[in-house]
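Peer 1: need a 3D model of the sequence below.
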Amino acid sequence: MNFHHLLSSLILSASLFALISAENDDDEYSDPGTRWDPTHRDFSQRCLRLAEYAGPRGCDVFLVCCSEENVLNKLNGDKCQVADIHNSCTPREDNSGIQSAQCKARNCTPEITTTTTTTLSPRRNPNSASLASVTLSTMLLFMVALIVRQI
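Peer 2: Numbers count the residues shown, from 1 in each chain. Next up is the predicted model:
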């Protein structure tokens, strides 16, 4: 009977460990929409930093930053040719700043990376290993306590 409990606990521990490991196997690049594209740019943060000092005129400043003169360049110098159709700026209801804004462009001069790798590798969540380790350790402690209690 003791061996039966030990074997059951071991199978349960291995199953839980496998389940946790499988659920935390997230790939940052699994969604094609999140893949890095050297011909796309997101200027939202840059324009938001400029607009944050404009107060009630924040959206005006954001839209100037996101305009053809600043972000787009049809001659394709080192800028982009096509603005995203979802580019916009929404002020807060009390006009104290910006509620939401987006400034993206595509068909840009490709960015050249300085890394020597050419393949995309997933970024692992550092907490997934610790969660699995804690779960496995807890289950092993439970098994040891069960064995000691049976002795």
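Peer 1: hey, let's count contacts and neighbours off CA atoms from now on
Peer 2: Noted.
Peer 1: the bottom helix or strand of the protein by mean pLDDT?
Peer 2: Within the chain, no helix or strand scores below helix 2-23, which has a mean of 58 by mean pLDDT, DSSP states H and E.
Peer 1: after that helix comes which helix or strand?
Peer 2: Per DSSP states H and E, the first helix or strand lying C-terminal to helix 2-23 is strand 41-42.
Peer 1: how about whichever helix or strand comes after that next one: buried residues?
Peer 2: With elements assigned by DSSP H and E, the helix or strand that comes after strand 41-42 is helix 44-51. Buried residues in helix 44-51, counted by 16 or more other C-alpha atoms under 10 Å: 44, 47-48, 51.
Peer 1: mind checking the longest helix of the protein?
Peer 2: Longest helix in the chain by number of residues, with DSSP state H as the criterion: helix 126-150.
Peer 1: pLDDT on that helix, on average?
Peer 2: The average pLDDT for helix 126-150 rounds to 71.
Peer 1: elements contacting it?
Peer 2: Under the contact criterion of 3 or more C-alpha pairs under 8 Å, 6 or more residues apart in numbering; DSSP states H and E, helix 126-150 touches helix 2-23.
Peer 1: my guess is residue 50 meets residue 60, correct?
Peer 2: No - shown here, residue 50 and residue 60 do not form a contact pair, counting by C-alpha atoms under 8 Å, at 10.7 Å.
Peer 1: all set, thanks.
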